[in-house]
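K.L.:
quick one, structure for this:
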Amino acid sequence: MAKFCSLADAVAENLSDGDSVAFEGFTHLIPHAAAHEAIRQGRKDLTLIRMTPDLIYDQMVGMGMAKKLVFSYLGNPGVGLLRRCRDAIENGHPRTVEVEEHSHAGMANAYEAGAAGLPFAVFRGYRGAGLAAVNPNIKSVACPFTGEQLAAIPALKPNVAFIHAQKANRKGDVLVEGVIGIQKEAVLAAKRAVVTVEEVVENFADVHPNCCVLPNWTVAAIAMVPGGAHPSYAHGYYARDNAAYLEWDKIAADREAFQAWMKQYVLKAAPEDFAGRVSHLRRAD
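P.N.:
Alright, predicted model coming up:
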């Protein structure tokens, strides 16, 4: 049964040093506020799992929180590099980081295997690609029925998954609309799941038939954080802040500029600040 609480309590009660953790959202509903709270609480030695790591993982890696990254496509979407991640990987600053790179298909299948309680994922993939040469967790297995050689990778089963969603009802069920990505599978694969939401409502009314509803028994904690996906977008609430992604490239390029930004906008900030960040971006899709 989902527990309603503050974001600070949700992170403190569910994320520990050394955990494997997924902050998931595919271009949409990325849980920035939750990641910032983890940074404020000083979590360390984390294995960060994510399809398309972007700004939040650049920030967490730059703050020395990560010992390992499990990912597919590492970059600032539409802009270029993740400069803090690159500095850690190439120069060991502020610490060395182990990397385990997969394709999008590999990550999606691994989450699905974890959600199904399976030990590994099997699928067609990585043919002609060089990832297997640098990732020992990419194996090959023969189909017992046809003999076809297929790719196999370990299931993803994070200690905790964080996602952002539009709504939760009073019972603790969570509604996700728009681009869903792999959030549902990440929640089901994880031992614990924490959800930040734009609002809490009595009931879900007039929802799209293709929406995703996560029942309360899949979620450990829910925190209401309006604007909590900024600078990514929340369908029906606010648009993507493209300027913030462009600006981040300049901020992250310099170690001192990065630390100054983190001090002002993360370490000294609060979850409620996110509502103000999206005030000029609000819209109705």
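K.L.:
per-residue confidence at residue 128?
P.N.:
Residue 128 carries a pLDDT score of 82 in this model.
K.L.:
what segments of the protein are helices?
P.N.:
Secondary structure of the chain (DSSP state H): helices at 7-14, 32-40, 55-62, 83-91, 104-115, 131-134, 183-189, 242-252, 255-262, 273-277.
K.L.:
could I have the CA atoms of the third one written out in PDB?
P.N.:
Read that as helix 55-62. The C-alpha trace of helix 55-62 is given here as PDB (Å, rounded to 0.1, in the frame of the first residue of the first chain):
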ATOM      1  CA  LEU A  55      20.800  15.800 -16.900                       C
ATOM      2  CA  ILE A  56      19.900  14.100 -13.600                       C
ATOM      3  CA  TYR A  57      22.500  11.500 -14.000                       C
ATOM      4  CA  ASP A  58      25.100  14.100 -15.200                       C
ATOM      5  CA  GLN A  59      24.300  15.900 -11.900                       C
ATOM      6  CA  MET A  60      24.500  12.800  -9.700                       C
ATOM      7  CA  VAL A  61      27.700  11.600 -11.300                       C
ATOM      8  CA  GLY A  62      29.200  15.000 -11.000                       C
END
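K.L.:
which elements pack onto it?
P.N.:
Helices and strands touching helix 55-62, by 3 or more CB pairs under 8 Å, 6 or more residues apart in numbering; DSSP states H and E, are helix 32-40, strand 46-51, strand 66-72, helix 83-91, helix 242-252, helix 255-262. The way it works is simple: take the backbone N, C-alpha and C, and place the C-beta from them, glycine included.
K.L.:
how about JSON lines for the helices of the chain, with mean neighbour count, mean pLDDT and distance to residue 215 added?
P.N.:
As requested, those are arranged in JSON lines below (neighbours: other CB atoms under 10 Å; pLDDT from 0 to 100; distance: least, CB to CB, whole Å):
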{"stretch": "helix 7-14", "mean neighbour count": "20", "mean pLDDT": "98", "distance to residue 215": "18"}
{"stretch": "helix 32-40", "mean neighbour count": "25", "mean pLDDT": "98", "distance to residue 215": "20"}
{"stretch": "helix 55-62", "mean neighbour count": "24", "mean pLDDT": "97", "distance to residue 215": "26"}
{"stretch": "helix 83-91", "mean neighbour count": "19", "mean pLDDT": "98", "distance to residue 215": "35"}
{"stretch": "helix 104-115", "mean neighbour count": "23", "mean pLDDT": "97", "distance to residue 215": "14"}
{"stretch": "helix 131-134", "mean neighbour count": "13", "mean pLDDT": "92", "distance to residue 215": "35"}
{"stretch": "helix 183-189", "mean neighbour count": "24", "mean pLDDT": "97", "distance to residue 215": "10"}
{"stretch": "helix 242-252", "mean neighbour count": "16", "mean pLDDT": "97", "distance to residue 215": "33"}
{"stretch": "helix 255-262", "mean neighbour count": "15", "mean pLDDT": "98", "distance to residue 215": "36"}
{"stretch": "helix 273-277", "mean neighbour count": "17", "mean pLDDT": "94", "distance to residue 215": "26"}
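K.L.:
same list (the helices and strands packed on helix 55-62) but as CSV, adding distance to residue 192.
P.N.:
Output for the helices and strands packed on helix 55-62, formatted as CSV (distance: least, CB to CB, whole Å):
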stretch, distance to residue 192
helix 32-40, 13
strand 46-51, 14
strand 66-72, 18
helix 83-91, 26
helix 242-252, 29
helix 255-262, 26
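K.L.:
and these: which comes nearest residue 224?
P.N.:
Closest to residue 224 of the helices and strands packed on helix 55-62, according to CB to CB: helix 32-40, at 10.4 Å.
K.L.:
nearest to residue 233, of the helices of the chain?
P.N.:
helix 242-252 (9.8 Å).
K.L.:
show me this protein divided up by domain.
P.N.:
Using automatic domain parsing, the domains assigned to the chain come out as 3-102+157-271, 104-154.
K.L.:
most tightly packed of the ones you listed?
P.N.:
Of these, the one with the most neighbours on average (mean count of other CB atoms under 10 Å) is domain 3-102+157-271, at a mean of 20.
K.L.:
picking that back up, between the helices and strands packed on helix 55-62, which one is closest to residue 170.
P.N.:
Each of these has some distance to residue 170 by CB to CB; the shortest is helix 32-40, at 21.3 Å.
K.L.:
residue contacts, the closest residue to residue 261 other than its chain neighbours?
P.N.:
The shortest distance from residue 261 to any non-neighbouring residue, by CB to CB, 6 or more residues apart in numbering, is to residue 251 (4.9 Å). Residue 251 makes contact with 257-258, 261 under the criterion CB atoms under 8 Å, 6 or more residues apart in numbering.
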